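# predicted model and sequence follow; I will ask about them next.
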Amino acid sequence: MWRKPISIFFALLLFHGSLNAQEQPRQRKPNTTISEILIDYGRTRERSEDAVLQQARNKAFDGDYLLKSIGISGYEDNYYCIVTIQHDIYRPLNRKAIQEMTVGYGRTMALAEIDARYKAERMINERLNSATERRARKDAMEAAQKRQSAAGVNEPVILDKDEDTSYILKSIRFSGSTDDYLCYIKFEYMVMK
């Protein structure tokens, strides 16, 4: 008896939260334009499209983006929509972008995607904690401190970083069949110059 009102309450709460363009405004103004792939799922084609377009509004600075491509696929009550959007982001000046690729496995396409994204996060974490990256951050910190001391400024040095996202999805592809899917993703993230 209580389950239905509670589930309706949570559904309304989620719907209300999805109407906002961004929960927290970006800290810095954008300085570059990128293309990014987004994907979402739904029981109907329309739901998958609505979900991914809401993602695009949330992802883009002030909800402003260009929809460059859209594709819907699936069957019965298991659809997905993939879009390519172009939007502005803030790119730290002391960072460079690198691209890597990974593959995920799962019983469904969504689970394969989750596995691929988990592996991407793990790869990024390993790279950002590597000795090479730590040396690059140390060198950047020392250079910034030298510039400050030469200018006569005595403030703490804060290295520029990307606050918006850990990586940008550049491509996604599925293969396999029912109960045995593979998801290949190419992603881009920032490291020190």
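Sure, I can see it. Residues are numbered from 1 along each chain as shown.

# ok, now which ones touch residue 42?
Listed by CB atoms under 8 Å, 6 or more residues apart in numbering, the contact partners of residue 42 are 48, 49, 50, 51, 79, 80, 81. To be clear about C-beta, it is placed using only N, CA and C from the backbone, and glycine gets the same treatment.

# got a winner among these for most neighbours?
Compared across the contacts of residue 42, residue 81 has the highest neighbour count, 24 neighbours, by other CB atoms under 10 Å.

# okay, it: pLDDT?
At residue 81 the predicted local confidence, pLDDT, stands at 96.

# who does it form a beta bridge with?
With DSSP bridges as the criterion, residue 81 is bridged to residue 40, residue 72.

# can I get stretch 79-99 in CSV? Just the C-alpha atoms.
What follows is stretch 79-99 as a C-alpha-only set of coordinates in CSV (Å, rounded to 0.1, in the frame of the first residue of the first chain):
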residue,chain,number,x,y,z
TYR,A,79,16.6,0.9,-26.5
TYR,A,80,19.6,3.2,-26.4
CYS,A,81,20.3,6.6,-27.9
ILE,A,82,23.8,7.9,-28.8
VAL,A,83,24.4,11.6,-29.6
THR,A,84,27.4,13.6,-30.5
ILE,A,85,27.3,17.1,-29.0
GLN,A,86,29.6,20.1,-29.5
HIS,A,87,29.9,22.4,-26.5
ASP,A,88,32.3,24.7,-24.6
ILE,A,89,34.4,23.6,-21.6
TYR,A,90,37.2,25.0,-19.5
ARG,A,91,40.5,23.4,-20.4
PRO,A,92,43.3,24.1,-18.0
LEU,A,93,46.3,25.8,-19.7
ASN,A,94,48.9,23.6,-17.9
ARG,A,95,47.3,20.3,-19.1
LYS,A,96,47.2,18.4,-22.3
ALA,A,97,44.6,15.9,-23.5
ILE,A,98,45.5,12.2,-24.2
GLN,A,99,43.2,9.5,-25.5
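
# give the buried residues for that stretch.
Buried positions in stretch 79-99, judged by neighbour count with 16 or more other CB atoms under 10 Å: 79-85, 87-92, 95.

# for stretch 31-42, give the mean pLDDT please.
Mean per-residue pLDDT for stretch 31-42: 93.

# just to revisit the earlier point, tell me the two of the contacts of residue 42 that are most distant?
Maximum pairwise distance in these, criterion CB to CB, is 12.5 Å, between 50 and 80.

# please name the nearest non-neighbouring residue to residue 52.
residue 40 (3.9 Å; CB to CB, 6 or more residues apart in numbering).

# what's the neighbour count on that neighbour?
The number of residues packed near residue 40 is 20, by other CB under 10 Å.

# same thing with residue 56?
Residues lying near residue 56 (other CB under 10 Å) number 19.
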